[in-house]
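Trainee: show me how the following folds:
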Amino acid sequence: MTDFRPGRPLPTTDSETQERQLYHTQRASGAWATMIRDESGWQWRLLRGEEPDGYGRGGWRQLQTWLAK
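Mentor: Have a look, this model is predicted:
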């Protein structure tokens, strides 16, 4: 069975991203997550599981902090 990873891999810098493009990457914990950038910032969520911080919204720094968990 193949892992489902929607969107493109998340680039390493915010300037390499496109608005309204879906991205995916792994958190430091190993959980897969998706994220999208719109005119007001980033939105992100885990692909699976119920965690208190399983989703969020903010800027690039907040996204990177969330991914480091």
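
Trainee: now the terminal residues of stretch 40-57, how far apart.
Mentor: 9 Å (C-alpha to C-alpha, to the nearest Å).

Trainee: how far off centre is it?
Mentor: 7 Å (C-alpha atoms, centre = their mean, to the nearest Å).

Trainee: how about that stretch: buried residues?
Mentor: 42, 44, 46 (16 or more other C-beta atoms under 10 Å). C-beta: built from backbone N, CA, C; applies to glycine.

Trainee: which members of those residues occur in strands, if any?
Mentor: 42, 44, 46 (DSSP state E).

Trainee: sorry, back to before: which of the buried residues of stretch 40-57 lies closest to residue 5?
Mentor: When these are ranked by distance to residue 5 (C-beta to C-beta), residue 46 comes first, at 12.9 Å.

Trainee: pretty sure that closest one sits against residue 35.
Mentor: No - in this structure, residue 46 is not within contact of residue 35 by C-beta atoms under 8 Å, at 10.5 Å.

Trainee: beta partners for the nearest residue to residue 55 once chain neighbours are set aside?
Mentor: The shortest distance from residue 55 to any residue other than its chain neighbours is 3.8 Å, reached at residue 45 (C-beta to C-beta, 6 or more residues apart in numbering). For residue 45, the beta-bridge partners under DSSP bridges are residue 34, residue 55.

Trainee: again with residue 24
Mentor: residue 9, residue 34.
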